[in-house]
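In: What follows is a predicted structure for the sequence shown.
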Amino acid sequence: MRSQRRIRVLLAKPGIDGHDVGIKVVASALRDAGMEVIYLGLRRTPEQVVSAALEEDCDVIGLNFHSFGHRTLVPEVVRLLREKGMEDVLLLAGGSILDKDAQELRAWGVSEVFGVGSRVDEIVRYIQENAR
């Protein structure tokens, strides 16, 4: 049985992309659903993301992309999570990600990919059902 601790979700936009409207909408929905959300903001490195997730004892990391940086940044996040022994952290990706890239991200270790047009209630439900 899960403890009564709120689900802790870290959201970030790695890479050079500056479009953050979608991730802010998701952050608001997650907070409304009772989750604790830490939003790192724009232009974060994989090292910053994983370090913050470790420090904040996060259950979930959500990465958002609109500039195709996911192909180089996600493998680095996965590598760092493994290096830090954080394989139990639920890793999600979202944004402008092609279907063929989504399959590759899942193969690398991303639990789920939420593309443009995904419903926030689907994201909330997925996290509630799959977070450690």
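Out: That came through fine.
In: Show me where this protein dips below the pLDDT cut-off.
Out: Flagging of the chain using pLDDT under 70 yields the residue ranges 1-3.
In: which strands and helices sit next to the host helix or strand of residue 52?
Out: If you go by DSSP states H and E, residue 52 is part of helix 46-55. For helix 46-55, the elements it packs on are strand 8-14, strand 36-44, strand 60-65, helix 70-83, judged by 3 or more CB pairs under 8 Å, 6 or more residues apart in numbering; DSSP states H and E. For every residue, glycine as well, the C-beta is placed using N, CA and C.
In: ok, the residue most central in space within the chain to residue 45 distance?
Out: Residue closest to the average C-alpha location in the chain (CA atoms, centre = their mean): residue 62, at 1.0 Å. Between residue 62 and residue 45 the distance is 16 Å, computed by CB to CB, to the nearest Å.
In: ok, now residue 119?
Out: Taken as CB to CB, the span from residue 119 to residue 45 is 30 Å.
In: for residue 97, same thing?
Out: For residue 97, the distance to residue 45 (CB to CB) stands at 19 Å.
In: my read: residue 70 touches residue 100, true?
Out: No: between residue 70 and residue 100 there is no contact under CB atoms under 8 Å: 11.9 Å.
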